[in-house]
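*Asks:* Return atomic coordinates for the entry below.
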Amino acid sequence: MTDQPQPSPALSAPLATRLRQWLWRVARLIVAGYFGIVLLLWSFQRTLLYHPLKATTIERSATGLSDSDVEEVSVTAGDGVALHGWLARTAATGMAATASSPGEASVRETVRSSNAPVVIYFQGNAGNRRTNGDIVGELASYGCHVLYFDHRGFGLNAGYPTEADLLADGRTIWIFATGELGIPSDRLYLFGESLGGGIATGVAQGLCRDGLKPPAGLILGATFSSVRRVAQDLYPFVPVRWMLSDPFLSDVRMADVTCPVLQFHGTADSIVPFPIGRELHAAIPAASRSGVPKRFVEIPDWDHFGIPAAVLRGELSEFIARVQSASSR
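*Replies:* As a prediction, the model looks like this:
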């Protein structure tokens, strides 16, 4: 039997060296690619989070209301940025309170003298009042007055959004409502959808933490426990905990919120998955300081955008009635 020739050490050594060099180059490319992706995500994180839609004009007709029922309003943020919005009045009755007849009074006079609830609305991370204006007409049809400002950088507003600035702007809007408009806090409800839920929660938390009168209630739609949690779900291979500049930690902030909370979430939400909405609900105190239990409204087979009108109307009416009943005890 003939012995097989053995490979020469002189040939196998260079082959092993070349293999090691090739593996090392591949490893470096993988590592460089990974860190390149992480760097890109870090650099463009706010571009991924915020999608401002600018406009040169926004007509009040976008609300579906008469122009005489919508007043253009503006406030100046702490850094000098002018924020533009709408104050809309309702002529409807029955949302646990009765609005006074508009008649010849101005919009703000009607809102101030009425006993109807006033909703301060915070939109999500895209669009502006023109694309989202129907929520104003919808809430007004339920018997609520509405105050709705575009985020900075959106619509007619200058600047660019960051978490710190959006929360500060929300506080400025609250001061405008309770100060210049003269609306008592027990008539004011903060309503935020998607990213706006993070803003509304932050504003409510700040008021409660600072010992100021809290809003009558906090209403949340399709929002998150935190932006960090959503990002972790989207990019599980990236250390987002250490990267995010605007984490919007609503679950942490909820510990300070003492007002009643109503939360909506669709089971088919493709942007903020339903379990993340449930995580936020778990962080909300079981009941408000006035004794109103927290409420989670599960919307079967509903995606991210908006709340079915019949669901919103019924739940909002019951929520406001519970809040007003508790405050009168």
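
*Asks:* Every contact and neighbour count from this point should use C-alpha atoms.
*Replies:* Fine.

*Asks:* All the strands of this protein, in order from the start?
*Replies:* 51-52, 70-76, 82-88, 118-122, 126-127, 145-149, 188-193, 217-221, 261-266, 295-299 (DSSP state E).

*Asks:* can you put those in TSV and add distance to Gly211?
*Replies:* Below are those laid out as TSV (distance: least, Cα to Cα, whole Å):
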stretch	distance to Gly211
strand 51-52	33
strand 70-76	24
strand 82-88	26
strand 118-122	20
strand 126-127	32
strand 145-149	24
strand 188-193	17
strand 217-221	16
strand 261-266	18
strand 295-299	24
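
*Asks:* Can you convert those strands into JSON lines and add a column each for mean neighbour count?
*Replies:* JSON lines is the format used below for the strands of the chain (neighbours: other Cα atoms under 10 Å):
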{"stretch": "strand 51-52", "mean neighbour count": "18"}
{"stretch": "strand 70-76", "mean neighbour count": "17"}
{"stretch": "strand 82-88", "mean neighbour count": "23"}
{"stretch": "strand 118-122", "mean neighbour count": "26"}
{"stretch": "strand 126-127", "mean neighbour count": "18"}
{"stretch": "strand 145-149", "mean neighbour count": "27"}
{"stretch": "strand 188-193", "mean neighbour count": "26"}
{"stretch": "strand 217-221", "mean neighbour count": "25"}
{"stretch": "strand 261-266", "mean neighbour count": "26"}
{"stretch": "strand 295-299", "mean neighbour count": "16"}
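
*Asks:* Looking at the ones you listed, which is nearest to Arg241?
*Replies:* strand 51-52 (21.9 Å; Cα to Cα).

*Asks:* Show me what that closest one is packed against.
*Replies:* strand 126-127 (3 or more Cα pairs under 8 Å, 6 or more residues apart in numbering; DSSP states H and E).

*Asks:* Let me see the domain layout of this structure.
*Replies:* The chain breaks down by automatic domain parsing into domains covering 14-43, 52-328.

*Asks:* looking at those domains, which has the lowest confidence?
*Replies:* Mean pLDDT is lowest for domain 14-43 out of these, coming in at a mean of 79.

*Asks:* Could you list the buried residues of that one?
*Replies:* Within domain 14-43, the residues scored as buried using 16 or more other Cα atoms under 10 Å are Val38, Leu41, Trp42.

*Asks:* count of residues packed around the residue nearest to the first one when sequence neighbours are not counted?
*Replies:* In this case it means Val38. Once flanking residues are discounted, Val38 sits nearest to Val238: 6.6 Å by Cα to Cα, 6 or more residues apart in numbering. Neighbour count for Val238, taken as other Cα atoms under 10 Å: 18.
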